[in-house]
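K.L.:
Could you look at this predicted model? Sequence included:
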Amino acid sequence: MSYLIQKALIPVGQGYDTVDVQIIGDRITAIAPQLEPIGTVIDGQNKLLLPGFINAHTHSSEMWQRGLIPPLPLELWLAELYDSAPLDPEQIYLSALGTAVETLLSGGTSVVDHIVLIPGKEADTIAAAVRAYREVGIRAFVAPLIQDEPFGSGLPSSGLPANGGTPDAESTALPSTAAVLDWVQDAIEQFHNPAAQINLLVAPTGIQLCSDALFEGCIGLSERYDLCRHAHLLETKAQQLLAQEKYGCSAVAHLQQLGYLDSRTSLAHCVWLSDADIQILADTHSTVVHNPLSNLRLGSGIAPLLKYRAAGVNVSFGCDGSASNDGQDLLEAIKIGSILHNITDFDYRQWISPRTAVEMAALGGATGLNLAEQLGSLTIGKKADLVLYDLTNLSLLPGTDPIGLLILGHPVQPVDSVWVNGRQIVSGGEVTTISVPQLRQAFLDRSQWQAAAHSPTRAVLEAQYRSIMALQPHL
Ligand SMILES: [Zn+2]
């Protein structure tokens, strides 16, 4: 297919130009005023064209639990999450559709799904998500979330007598490191297909629940199949304490020693890093994925984003899963993730401008996936992953600086059109590849209007957590 987007506004330097943008096949082939019309002509007047953003960290199946879990820190929230996780691959399919739709309609053209696997149905889980992403046509990076250590080992010791923090059933059911790596390898061989916009990532959940052998196995798969690497990193204070206890050094230093950090490695959260850790990320060209809403929701802390930028560390944005956000609005994550840091540093010259935020969300996201030469900017020869925003939308009027208003304002359904790999999949604000009304009905049919039940695992962990964090004993 070919397209000509006519008279669209694009950012140039610190201003804007009105241009025509030509798409042939999967690429941007020309950007200039008044190009010869070819293919489908799109009216770009009063519209802003930007490169698609990357939703660089999420967990699609958490959509089933959004709004459900009460305000809790990560370690206790996780217990609630796992005790109420969806167990049917059809739910995985539907929530991947929902995640893709919400990402597209908030400016994203790619999604990194650190997908929570249903125990015993690991391959079916991945297949269901891949099916959804192929149907929608979003560019997907499916990162099977793996661990080989029991849930209770994710906390540092508390000084309390061992109280069986890990339910016995889970310990005995835990698969071996080799078995986990086998699932991942099978998934790579079956589903990794960049030509169809489906990419697999290796993605241990993080140092808190993974052995060195698992990280090393993932490095091996990454090298063998040329895959990017992903993980959570130092999201909470408790994880920082655990790393010292487990390794006698910081988690970042340990991952560097293992060889996990690389220009193909993106790391979600990175809240509790020292200045030395930050230098390691810069030296290894690793990417930080900032998930500000999740960090606020779970009380994890504020990632030192301005320090990352000053040190030359690449940073992108993610929504994180819908149970810690509790939505998938990428523009909201970018807004909060930009202005949050104005309170950490009085030197306003370091603050993140709306244009810088756009660059981080697009090119920063592409860089973290080793695709900066293919994606992330309006450049002739790059893939046509593009978003056209309607500047006549009431929430973007009266017209001022379009990017300033898009990022700092509260845009309500501002997306007019989206192209992924040169294919238009959103038109007139509607996703054209799947039926969103049918998706809404499928969610409605499976809805249960009820408050969360208390997780039994949380009850087991709570005393230990309070002791670790020096909180008043739990009564
Ligand atoms: Zn996460």
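P.N.:
Yes, it's here.

K.L.:
switch to C-alpha atoms for all contacts and neighbour counts from now on
P.N.:
Will do.

K.L.:
Show me the shaky parts of the stretch 101-250 of the chain.
P.N.:
Counting by pLDDT under 70, the stretch 101-250 of the chain has low-confidence residues at 159-172.

K.L.:
Could you list the residues in contact with stretch 292-306?
P.N.:
71-74, 77, 235-237, 269-272, 290, 315, 319-321, 324-325, 333, 336-337, 340-341, 350-351 (Cα atoms under 8 Å, 6 or more residues apart in numbering).

K.L.:
mind listing what's buried in it?
P.N.:
Buried residues in stretch 292-306, counting neighbours by 16 or more other Cα atoms under 10 Å, are found at 292-298, 300-306.

K.L.:
same thing with stretch 232-247?
P.N.:
In stretch 232-247, counting by 16+ other Cα under 10 Å, buried: His232, Leu233, Leu234, Glu235, Thr236, Ala238, Gln239, Gln240, Leu241, Leu242, Ala243.

K.L.:
helix/strand/coil for the first one?
P.N.:
Yep, that's His232 we're talking about. Three-state assignment for His232 (DSSP: H, G, I helix; E, B strand; the rest coil): strand.

K.L.:
Renumber starting at 733 from here on
P.N.:
Sure, I'll start counting at 733 from here, so that last one is His964.

K.L.:
Make sure it is actually in contact with Thr997.
P.N.:
No. Using Cα atoms under 8 Å, His964 makes no contact with Thr997, being 10.9 Å away.

K.L.:
tell me what the helix or strand where Tyr814 lies is packed against?
P.N.:
Using DSSP states H and E, Tyr814 sits within helix 806-815. Contact here means 3 or more Cα pairs under 8 Å, 6 or more residues apart in numbering; DSSP states H and E; on that basis helix 806-815 packs against helix 1188-1200.

K.L.:
What subset of the contacts of stretch 1024-1038 is buried?
P.N.:
Buried by 16+ other Cα under 10 Å: 805-806, 809, 967-968, 1001-1004, 1022, 1047, 1051-1053, 1056-1057, 1065, 1068-1069, 1072-1073, 1083, out of these.

K.L.:
In helices only, show me the residues you listed.
P.N.:
Leu806, Trp809, Ala1065, Ile1068, Gly1069 (DSSP state H).

K.L.:
Now for the third one: which residues touch it?
P.N.:
Ala1065 sits next to Asn1023, Pro1024, Leu1025, Phe1049, Gly1050, Cys1051 when contact means Cα under 8 Å, 6+ apart.

K.L.:
sec struct for the third one, please.
P.N.:
If I follow you right, that is Leu1025. Leu1025 is classified as helix under three-state DSSP.

K.L.:
measure it to Phe1049 for me?
P.N.:
Per Cα to Cα, to the nearest Å, Leu1025 is found 10 Å from Phe1049.

K.L.:
any common contacting residues for these two?
P.N.:
Common neighbours of Leu1025 and Phe1049 (Cα under 8 Å, 6+ apart) are Ala1065, Gly1069.

K.L.:
Do a quick rundown of the strands in the stretch 1083-1207 of the chain.
P.N.:
1118-1122, 1147-1152, 1155-1159, 1162-1163 (DSSP state E, counting those that start in this stretch).

K.L.:
Those strands: which one's closest to Glu955?
P.N.:
Ranking the strands of the stretch 1083-1207 of the chain by proximity to Glu955 (Cα to Cα) places strand 1147-1152 first, at 27.0 Å.

K.L.:
So which elements touch that closest one?
P.N.:
Strand 1147-1152 packs on strand 840-848, strand 1118-1122, strand 1155-1159, going by 3+ Cα pairs under 8 Å, 6+ apart.

K.L.:
Can you pull the domain assignment for this structure?
P.N.:
Domain segmentation of the chain under automatic domain parsing yields 734-782+1111-1174, 785-1100.

K.L.:
and Tyr1197, which of those is closest to it?
P.N.:
Closest approach to Tyr1197 among the domains of the chain is made by domain 785-1100 (7.4 Å; Cα to Cα).

K.L.:
related to what we said a few turns ago, how about TSV for the strands of the stretch 1083-1207 of the chain, with mean pLDDT, distance to Asp758 and mean neighbour count added?
P.N.:
Shown next, in TSV, are these (pLDDT from 0 to 100; distance: least, Cα to Cα, whole Å; neighbours: other Cα atoms under 10 Å):
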stretch	mean pLDDT	distance to Asp758	mean neighbour count
strand 1118-1122	98	11	27
strand 1147-1152	98	8	26
strand 1155-1159	98	7	20
strand 1162-1163	98	19	20
